[in-house]
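Peer 1: just to be clear, the model below is a prediction. Sequence and coordinates:
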Amino acid sequence: MAIAPRSYAALAVLTQDAKAQAIIDEMRGVSGFTETFIAGPYALAVSPARYAIERGDWNAAAQLAVRPSPLAHVEAMTHFARAFGAARSGKPDAAKADVAKLAELRDKLREAKDAYWAEQVDIQRQVATAWVLYAEGNMPKAVAR
C-alpha cells in the first residue's frame, strides 16, 4: 500500500517531533552551568518556547514554566511564548500578565543600559500585545501595533 504524500509528510513531521521532544526533555536535566553565561540559560528558555510555538501548540506555549534567570532577556523568552500562546488560544486576559512582565523586563534592561536586549524584549511585548488585541476582536488596533 502506498502512503499518500500528505500522510508521508505528516509521518515525517511526527518523527522529527518526537526527536525534538526527546532533546528538550534531556535539556531539562542539564545542570552545573553558570546561570550568567548566556548559552545554557538561553537554550533552556528558548527551546521549549520554540517547540510549542512552531508546532502551533498554543496551550502548551501558554503553560510553559518560567525558569527564573538573572538574565532578563532569557526570562523574557518564556513570558513571550506564554503571552503569545494564551492570546492565540483565545485567552487574552491570561496573556496580559506576561505582557506586563515583558514591559517590566524591558525596563530592567533599559536601566542596565542594555539597549539591544531592551529593544528585543520590547519587540516581543509589542507582538504579544498585538495578538492580545486580535484575540479581543480589535483587529484595527492589532494591525496598527
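Peer 2: Great, that's in hand. Residues are numbered from 1 along each chain as shown.
Peer 1: what about this protein, any weak spots by pLDDT?
Peer 2: Applying pLDDT under 70 to the chain flags the ranges 1-15, 20-23, 25-40, 145.
Peer 1: which residues in it form helices?
Peer 2: Counting by DSSP state H, the chain has helices at residues 5-28, 39-54, 58-62, 72-88, 92-111, 115-135, 139-144.
Peer 1: now mean neighbour count too, for the ones you listed, in JSON lines please.
Peer 2: The way it works is simple: take the backbone N, C-alpha and C, and place the C-beta from them, glycine included. Putting the helices of the chain into JSON lines (neighbours: other Cβ atoms under 10 Å) gives the following:
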{"stretch": "helix 5-28", "mean neighbour count": "11"}
{"stretch": "helix 39-54", "mean neighbour count": "18"}
{"stretch": "helix 58-62", "mean neighbour count": "19"}
{"stretch": "helix 72-88", "mean neighbour count": "26"}
{"stretch": "helix 92-111", "mean neighbour count": "19"}
{"stretch": "helix 115-135", "mean neighbour count": "19"}
{"stretch": "helix 139-144", "mean neighbour count": "11"}
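Peer 1: for the closest residue to Leu133 other than its chain neighbours, give me its contacts.
Peer 2: Spatial nearest neighbour of Leu133, excluding adjacent residues (Cβ to Cβ, 6 or more residues apart in numbering): Ala142 at 3.9 Å. Shown in contact with Ala142 (Cβ atoms under 8 Å, 6 or more residues apart in numbering): 130-131, 133-134.
Peer 1: how near is Ala142 to Glu54?
Peer 2: Remark: distance between Ala142 and Glu54 (Cβ to Cβ, to the nearest Å) = 22 Å.
Peer 1: surely Pro41 and Val74 touch.
Peer 2: Yes. Contact criterion Cβ atoms under 8 Å: Pro41 and Val74 qualify, at 4.7 Å.
Peer 1: re earlier: will you turn the contacts of Ala142 into a markdown table that also has distance to Gly90?
Peer 2: Listed next are these as a markdown table, based on distance: Cβ to Cβ, whole Å:
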| residue | distance to Gly90 |
| --- | --- |
| Ala130 | 15 |
| Trp131 | 11 |
| Leu133 | 13 |
| Tyr134 | 10 |
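Peer 1: need the max-distance pair from those.
Peer 2: Using Cβ to Cβ, these span at most 7.3 Å, a distance reached by Trp131 and Leu133.
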